[in-house]
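> predicted model and sequence follow; I will ask about them next.
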Amino acid sequence: FTWVSLTELKCLTKPKAFADAEVYIVTHSDAQEVKCSASGNCKFKTNTRFDDLATITVTNSDGTVSISTTIAADAATNCDTGSTKIKFGSDEHTCPDTGACTFNKGATLVGEYNATVVCLNLQGLHILAKMLVKVTNQQLTTPSAVSTSYGGGISFDISGIQLGKRFEDGGMYAEVCNAKAVITKKDTNTIAIETPPLLTNYSSTTYTMKKTEPIQIKNYTPAAAKAVYDGDYYSQYVATGENCSFEVELAHMSVLKTVRLYVPELAKMNVVLCKTTFDDFRQSVWLEALNAGGTWDQVGHVNHIRFHKGWNPFDLPNTEVKTNKLRIKFEKKCQLGEIEVIGESVKEDTNPTIACDLNLHFKDASGKFTLTQTVANQVTYDNTKTSVISAISHSLVEAGSGTKVTLTGIGLPTVTGDISIKLSGVTCTVTEASSTETNCTIGNGAGMKANTKNIEYIVTGKGAAIIRQGVEVTVAHKWSTLATWGGDPLPVDGDSIHLPASQALIFDIETSPKLDLVVVEGTMIFPDADSDANKKDINFFARRFVVRKGKLLIGKTDAPYKYNKLTFTLWGSKEDRQIPIFGNKVIGAYDSLIEIHGKPVTPSWTTLSQNATKKSDSITINIDGNTFTGWSVGDEIVIAPVDQYWQFEIRKITAITNTSTTATITLDKPLTYDHSKHKREAGENWGDDTLEFSVEVGHLTRNIKFQGDEDSPPLMYGG
């Protein structure tokens, strides 16, 4: 409100607050009500509705967009002069204050855009007209159809307005025959697409081809269930009713390996005032698969006890489940954020060649992938261009070692210049080639880089060879080599290390720096010395060490780590940064393999063969002379107490001699207490049995030790 004078009050209303009508003003001094009406008590007039001041039309032909508007005469009195514009996405075009106006946007990328006509006045920005424009087909420059191996691996370029930028911003992805393709950006308007491997009835049978991966979902019933496959865990599909259910159709017939549901929140199923129990949030969920006969089979279940917030995996049967449609049934209320299906997706086609569409998927205005542009028959998979690798000579090879590696297969090229091989991203130079074997020499690595392809075998003009399941190689990089770190200096105190999947790191130095965080997604190897004469003391320091879907290898079952002494020290304090779930000063593992085989010690503990008295500097223990091993001079042993629990004694071995049944050990200092075996006769609270108690002797020394740092005892916070 603004006081103009003692008798005049001015107020400014919001747009569309009310139509032409009566307005009342109440004065508080005498509660007098003044009515503003046509009788002239006060002057009042509402503005014309702003969204009646213009019309808008959009033409869209193959991604070429034009926006036209007609601006009403009243706009000139309601909008500031020269403020009227057409806005389309981030672009704008200035219009006259009244009359016709056209904005030829031109070629436009697939997507959803807001087309608006706007103007300004003292009240702010006003929308005169608006329309949501959906561009589903844009002008693309594509090559002629490409032909590829069933292993994929052929790249081709596609250009379109800001296509490269859209991919870079995460606004698109590509599929060939519904298999997700690898995209790389070449420039703002151009992307390169690499054909993915394709699993069909033909390629599966002919090449023994298998590929376990996330399976794409094609359709949903009801349509609202699309929310369970939009990449957003918290956009939910919600429906009520007993035995609520929804269906999803997979892109191909698939053999299921994993199916799981993400539940962002547990919904309360039973509404009882002032009474809530834990079971009110619980329910059972069933997974059904459509069989070849057209009926539903129950193939998975999450019971109400296991049902929880977060990911809920179904228990699938041991037998093969093959289907192209799933139904998820809830006991009470459907409330689901996301579904993940992993398996072997097989396109139902028995032909040796198959033509596939290229589908480019784009995000809409809400950020979901609902827009698709199809390039028909862009890729042809051809059996005559397909090679198969069935075996490799090495499971572990060191980068830069010059090792000769042999790959064995079917239908391999015979010209060395037609073949390009990379093992975990490291070039292996081809030296010999035949239709069944290819030999190559491993080169120097250019640092540990994440690489999704373990073995990459590319044939010029044909694409990638199929690598049969189980054919793998680990390329190892030495810690001491600068090339391992991409030419940078070796790690120093406080550094963190990430070992990517498909890469291996050999710890070939004696002492590491005090590392902060070590994340192993590949393979970390601690090699042993080759003999007792070359043994070393190895020390590794880390504040946080996590193995995530990787491997930590210290010795093998048939080749234990028996010469070197390895001490793994975890350092830090309770106040240091912590890893969720694991904490700090910790070795954590998730879906990983940690294999530790130290120097064999047999037996790890035994008993005294005769009493040991205080002041004695030797003991005699029971052994099996055929298996007795690992007890050596300098090792620590512990002799158990007899009378009081604290009377155990730790001593070092200074000499040892043994027979077939006993061993005599000389100690570094005499015993302080008696350690005598004794009997409990029958009748002494033992019933009718006479029990004999022996004194245990344990071997303490191990050549692999995990420990906290020197600050652990005073801080009472160990590793």
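Looks like it came in fine.
> what score does the residue lying closest to residue 375 once chain neighbours are set aside have for pLDDT?
Among residues not flanking residue 375 along the chain, residue 358 sits closest, at 4.3 Å (CB to CB, 6 or more residues apart in numbering). No exception for glycine: its C-beta is placed from N, CA and C like everyone else's. For residue 358, the model assigns a pLDDT of 94.
> the one 5 residues further on too?
Taken from the predicted model, the pLDDT recorded for residue 363 is 85.
> what about the residue nearest to residue 375, which helix or strand?
Residue 358 belongs to strand 353-363 when assigned by DSSP states H and E.
> after that strand, next one along is what?
By DSSP H and E, the next helix or strand past strand 353-363 is strand 369-382.
> direction included, what does that following strand pair up with?
Here strand 369-382 has these sheet partners by DSSP bridges: strand 146-148 (parallel), strand 353-363 (antiparallel).
> of those strands, which approaches residue 422 most closely?
strand 146-148 (18.2 Å; CB to CB).
> give the buried residues for the next helix or strand after that closest one.
Downstream of strand 146-148, the first helix or strand assigned by DSSP H and E is strand 155-159. In terms of neighbour count (16 or more other CB atoms under 10 Å), strand 155-159 has its buried residues at 155-156, 158-159.
> bridging residues for the nearest residue to residue 182 once chain neighbours are set aside?
The spatial neighbour of residue 182 that comes closest, neighbours along the chain excluded (CB to CB, 6+ apart), is residue 194 at 4.3 Å. When assigned by DSSP bridges, residue 194 has beta-bridge partners residue 155, residue 182.
> distance of residue 194 from residue 672?
Distance from residue 194 to residue 672, counting by CB to CB, to the nearest Å: 73 Å.
> if I look at the residue nearest to residue 182, what pLDDT would I see?
Reported pLDDT for residue 194: 94.
> kindly report the same for the one 10 residues further on.
Listed pLDDT for residue 204 reads 88.
> which residues touch it?
210, 346 (CB atoms under 8 Å, 6 or more residues apart in numbering).
> surely it forms part of a helix?
Yes - applying DSSP: H, G, I helix; E, B strand; the rest coil, one finds residue 204 inside a helix.
> distance check, it against residue 350.
Distance of residue 204 to residue 350, computed by CB to CB: 10 Å.
> ok, which stretches of the protein are helices?
Along the chain, counting by DSSP state H, helices occupy 75-78, 163-168, 201-207, 712-715.
> CSV for those, including distance to residue 221?
Below are the helices of the chain laid out as CSV (distance: least, CB to CB, whole Å):
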stretch, distance to residue 221
helix 75-78, 47
helix 163-168, 30
helix 201-207, 26
helix 712-715, 59
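> residues of the lengthiest strand in the chain that come out buried?
Longest strand of the chain, by residue count under DSSP state E: strand 245-263. For strand 245-263, the buried set under the neighbour-count rule, 16+ other CB under 10 Å, comprises 245-248, 250-256, 259-263.
> residue contacts, the spatially closest residue to residue 317 that is not a sequence neighbour?
Spatially, and ignoring its direct neighbours in sequence, residue 317 is nearest to residue 299 (6.1 Å; CB to CB, 6+ apart). By CB under 8 Å, 6+ apart, residue 299 lies in contact with 256, 287-289, 314, 316-317, 321.
> would you turn the residues you listed into CSV with distance to residue 113 and pLDDT?
Formatted as CSV, the contacts of residue 299 follow (distance: CB to CB, whole Å; pLDDT from 0 to 100):
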residue, distance to residue 113, pLDDT
256, 39, 91
287, 39, 92
288, 41, 94
289, 40, 94
314, 40, 91
316, 43, 89
317, 48, 89
321, 43, 90
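> list only those of those residues flagged as buried.
By neighbour count, with 16+ other CB under 10 Å, the contacts of residue 299 hold 256, 287-289, 314, 316, 321 as buried.
> go through the residues you listed and say which is closest to residue 623.
residue 316 (50.2 Å).
> that closest one and residue 260: what is the separation?
For residue 316 relative to residue 260 (CB to CB), the value is 10 Å.
> check residue 304 too.
17 Å.
> pLDDT score for the nearest residue to residue 149 once chain neighbours are set aside?
The spatially closest residue to residue 149, leaving aside those adjacent along the chain, is residue 463, at 3.7 Å (CB to CB, 6+ apart). At residue 463, the pLDDT value in this model is 95.
> could you do the one 5 residues further on as well?
Predicted confidence (pLDDT) for residue 468: 91.
> tell me who's in contact with the closest residue to it other than its chain neighbours.
In space, and not counting its chain neighbours, residue 468 is closest to residue 390: 5.2 Å by CB to CB, 6+ apart. Counting by CB under 8 Å, 6+ apart, residue 390 touches 408-410, 468, 471.
> tell me, how many residues neighbour residue 558?
Residue 558 has 6 neighbours, counted by other CB atoms under 10 Å.
> any regions of the protein where pLDDT drops low?
Residues of the chain that meet the criterion pLDDT under 70 lie in 1-49, 241-242, 267-282, 446-447, 450-452, 678-691.
> hang on, the earlier thing: where does the residue nearest to residue 149 sit relative to residue 344, distance-wise?
To residue 344, residue 463 is 21 Å away according to CB to CB.
> look at those two and report which has more neighbours.
Each of residue 463 and residue 344 has its neighbours counted (other CB under 10 Å); residue 463 has more, 27 against 21.
> doesn't residue 148 make contact with the more buried one?
Yes - between residue 463 and residue 148 there is a contact under CB atoms under 8 Å: 4.2 Å.
> tell me, what's touching the two both at once?
What both residue 463 and residue 148 touch, as defined by CB under 8 Å, 6+ apart, is the set 154, 195, 385.
> okay if I get these as TSV plus distance to residue 50?
Formatted as TSV, the shared contacts of residue 463 and residue 148 follow (distance: CB to CB, whole Å):
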residue	distance to residue 50
154	55
195	52
385	62
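> closest one of those residues to residue 694?
Closest to residue 694, out of all of those and judged by CB to CB, is residue 195, at 71.1 Å.
> list the buried ones in stretch 486-502?
491, 495, 497, 499-502.
> need the contact partners of that stretch.
In contact with stretch 486-502 (CB under 8 Å, 6+ apart) are residues 424-425, 446-454, 474-475, 479-480, 482, 485, 505, 512-524, 549-550.
> can you flag the buried ones in these?
424-425, 447-448, 451, 453-454, 474-475, 479, 485, 505, 512-524, 550.
> among those residues, which lie within strands?
474-475, 505, 512-520, 523-524.
> now render those as JSON lines, adding distance to residue 56.
Output for those, formatted as JSON lines (distance: CB to CB, whole Å):
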{"residue": "474", "distance to residue 56": "61"}
{"residue": "475", "distance to residue 56": "60"}
{"residue": "505", "distance to residue 56": "61"}
{"residue": "512", "distance to residue 56": "67"}
{"residue": "513", "distance to residue 56": "65"}
{"residue": "514", "distance to residue 56": "66"}
{"residue": "515", "distance to residue 56": "61"}
{"residue": "516", "distance to residue 56": "58"}
{"residue": "517", "distance to residue 56": "55"}
{"residue": "518", "distance to residue 56": "59"}
{"residue": "519", "distance to residue 56": "53"}
{"residue": "520", "distance to residue 56": "58"}
{"residue": "523", "distance to residue 56": "61"}
{"residue": "524", "distance to residue 56": "62"}
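> for the residue nearest to residue 701 when sequence neighbours are not counted, give me its contacts.
Setting aside the residues directly before and after it, residue 701 is nearest to residue 635 in space (CB to CB, 6+ apart), at 3.9 Å. Taking CB under 8 Å, 6+ apart, we find residue 635 in contact with 652-653, 699-701.
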